[in-house]
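[1] Structure for this input, please:
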Amino acid sequence: MSLPSPATFGFRGFNSWRPGQNEAVERVLRSEKRVNVECLPTGSGKTLVGAFAGRMTGRTLYLTRRRGLQTQIQNDFGTDEDREMNGANAAFNVWGQAGYSCRLSQEDASFSPVTVDEAPCQAGYQCVYKHGGCEYYDALSYVITPTPKLVVTNYTWWFHHLRTKVGQKIEPFDMIIVDEAHGLLDELSKFLTVTLRARDFNDIGVRWPSQNGADIEMWKEWVRETGGPAVRKIVGELERQVDGQVPTGATAKAVARRLRKYERILDRLRNMLTLRGRGCVS
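    This is a model prediction of the structure:
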């Protein structure tokens, strides 16, 4: 099968196929297997192969390990010109919270501009932009709909949101492209790793288990009986101190940072309770 040039299908700037690209696309599109592996050399144009096969298949999720490749895909297939030409078929990039500026912090001169992961909404403030006007939350609201046909993100974002309401609501994909698949096991390992520090619990008066390195079931019991209740209590106390206000003074900001810290620890404890099997504790 000899395909017309990528530009014919709206891939701006790609006027011809490189050697091997046409054949790789054909293999993917003709295959009836659930999983296909394409091993192509550096510089062969794997990204175009994946994006083209995805467009021919339907709604596609493109996963990568590196921020640089996300940016490259955005520049190749998701510019304003691409969106004007291809509409919802253009690449839509979604980053983690640290990849977006907090709009409220940019408009409020009382504190320095921050990214969304450090924004007041992370400390309980009910921001008016969270349901419209915040670039990050607007992206989440859009990506869960069936409208974007090529969603590009990284392993970390995708794995994280499989555990959140976003993952529960997101419309299914017809194809998932796993770029740099040789690193998939490492990414899965990082996702399933739960890191806790004794100091964080000692700071709130919680005794660290004496059997450090013991069986995972012992740790899960400690989380249920000791660690979890203590962290939930401190989170509740800090939430009452913040009281949904924008943290402007030094003390208020310190409380907000502490709240975010223990909310993240609480998430890790919840994740530990979901671990199955023998696990590995070190």
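[2] which helix in the chain runs the most residues?
    Counting residues, the longest helix found in the chain (DSSP state H) is helix 250-274.
[3] List the buried residues in the least confident helix or strand in the chain by mean pLDDT.
    The least trusted helix or strand in the chain, going by mean pLDDT, DSSP states H and E, turns out to be helix 165-169, with a mean of 77. Across helix 165-169, burial judged by 16 or more other Cβ atoms under 10 Å covers residue 166. All C-beta spots, glycine's among them, are computed from the backbone N, C-alpha and C.
[4] Packing partners of whatever helix or strand comes next after that helix?
    Note on helix 165-169: by DSSP states H and E, the next helix or strand toward the C-terminus is strand 175-178. Here strand 175-178 touches helix 46-57, strand 60-64, going by 3 or more Cβ pairs under 8 Å, 6 or more residues apart in numbering; DSSP states H and E.
[5] how about these in TSV, adding mean pLDDT, mean neighbour count and distance to residue 238?
    Formatted as TSV, these follow (pLDDT from 0 to 100; neighbours: other Cβ atoms under 10 Å; distance: least, Cβ to Cβ, whole Å):
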stretch	mean pLDDT	mean neighbour count	distance to residue 238
helix 46-57	92	21	44
strand 60-64	95	23	35
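[6] Any chance of CSV for these, columns distance to residue 26?
    Below are those laid out as CSV (distance: least, Cβ to Cβ, whole Å):
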stretch, distance to residue 26
helix 46-57, 9
strand 60-64, 17
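[7] Out of those, which is closest to residue 162?
    Across the helices and strands packed on strand 175-178, the minimum distance to residue 162, taken as Cβ to Cβ, is reached by strand 60-64, at 11.7 Å.
[8] Sheet-wise, list the partners of the closest one with their directions.
    strand 150-154 (parallel), strand 175-178 (parallel) (DSSP bridges).
[9] send the alpha carbons of that strand over as PDB?
    Output of strand 60-64 as PDB, limited to C-alpha atoms (Å, rounded to 0.1, in the frame of the first residue of the first chain):
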ATOM      1  CA  THR A  60      -5.500   8.500  20.300                       C
ATOM      2  CA  LEU A  61      -3.400   8.900  23.500                       C
ATOM      3  CA  TYR A  62       0.300   9.500  22.800                       C
ATOM      4  CA  LEU A  63       2.500   8.800  25.900                       C
ATOM      5  CA  THR A  64       6.100   9.700  26.200                       C
END
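[10] Now find how far off-centre the helix or strand following it is within its chain.
    For strand 60-64, the succeeding helix or strand toward the C-terminus, using DSSP H and E, is helix 67-77. Remark: helix 67-77 is offset 16 Å from the chain centroid, using Cα atoms, centre = their mean, to the nearest Å.
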